[in-house]
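**Student:** structure, please.
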Amino acid sequence: MRRWMLLAPLVLFLAMAALLYRGLYLDPSELPSALIGKPFPAFSLPAVQDGKPLTRYDLLGKPALVNVWGTWCVACRVEHPVLTKLAEQGVVIYGVNYKDVNADAVKWLSEFHDPYQLNINDEAGSLGLNLGVYGAPETFLIDAKGVIRYKHVGVIDQTVWREKLAAQYQALIEEGRQ
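**Tutor:** As a prediction, this is how the structure comes out:
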């Protein structure tokens, strides 16, 4: 019994060290989402630009990226030129302006260009909560039926687009043509 009491702290330390060591190699952008394979959550919120009511049904019809962003988000400013370029190339992008002042969002989009075909004003953060958003930027890939197929946490740059999203987006477009 006495020997076990001497070894218990060592065993506990080694177990904790192994767990922390494993955490060093996890990718923080690969946060699991319980929504993969499920429909985009229902919502009824105003559009950023004109206040027109938008719902889940406005997102249906084509595969799209749904980008959660805010003017307060420094990383969103970094990814914005990439989103703009993707939109110019024909990629469908919908925005969710998350926990932001709408007037700030309108001003920001007029200054930096608006890559979003639709832009949802989620000032209270209710849609973000239903999406399981940790912060911004986060981007969801949805199919033409509004089913969430992939979630990316963090900035979308050219590497992320090329290595993680482009092929999946193209596959959803091809799937819609069949």
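
**Student:** and the pLDDT for Glu123?
**Tutor:** If you check Glu123, the pLDDT there is 96.

**Student:** so it makes contact with Asp104?
**Tutor:** No - checked against Cβ atoms under 8 Å, the pair Glu123 and Asp104 is beyond contact range at 10.4 Å. The C-beta positions use only the backbone N, C-alpha and C, and glycine is treated the same way.

**Student:** between these two, which is the more surrounded one?
**Tutor:** Neighbour tally, Glu123 and Asp104, criterion other Cβ atoms under 10 Å: the higher count belongs to Glu123, 16 against 13.

**Student:** ok, now which ones touch that one?
**Tutor:** By Cβ atoms under 8 Å, 6 or more residues apart in numbering, Glu123 lies in contact with Asn97, Lys99, Asp100, Val101, Asn102.

**Student:** narrow these to those that are buried.
**Tutor:** Asn97, Lys99, Asp100, Asn102 (16 or more other Cβ atoms under 10 Å).

**Student:** could I get those as JSON lines with distance to Asp114, secondary structure and pLDDT?
**Tutor:** Output for the buried ones among the contacts of Glu123, formatted as JSON lines (distance: Cβ to Cβ, whole Å; DSSP: H, G, I helix; E, B strand; the rest coil; pLDDT from 0 to 100):
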{"residue": "Asn97", "distance to Asp114": "11", "secondary structure": "strand", "pLDDT": "98"}
{"residue": "Lys99", "distance to Asp114": "19", "secondary structure": "coil", "pLDDT": "96"}
{"residue": "Asp100", "distance to Asp114": "14", "secondary structure": "coil", "pLDDT": "96"}
{"residue": "Asn102", "distance to Asp114": "14", "secondary structure": "helix", "pLDDT": "96"}
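
**Student:** Gln117: which of those residues is nearest?
**Tutor:** Nearest to Gln117 among the buried ones among the contacts of Glu123 is Asn97, at 13.9 Å by Cβ to Cβ.

**Student:** I'd say the closest one and Ala105 touch.
**Tutor:** Yes - here Asn97 lies in contact with Ala105, judged by Cβ under 8 Å, at a distance of 4.5 Å.

**Student:** state the pLDDT value of Pro32.
**Tutor:** pLDDT at Pro32 comes out at 58.

**Student:** so what's the closest residue to Asn130 other than its chain neighbours up against?
**Tutor:** Counting by Cβ to Cβ, 6 or more residues apart in numbering, Pro41 is the residue found nearest to Asn130 once chain neighbours are left out, at 4.0 Å. By Cβ under 8 Å, 6+ apart, Pro41 lies in contact with Leu35, Arg56, Leu127, Asn130, Leu131.
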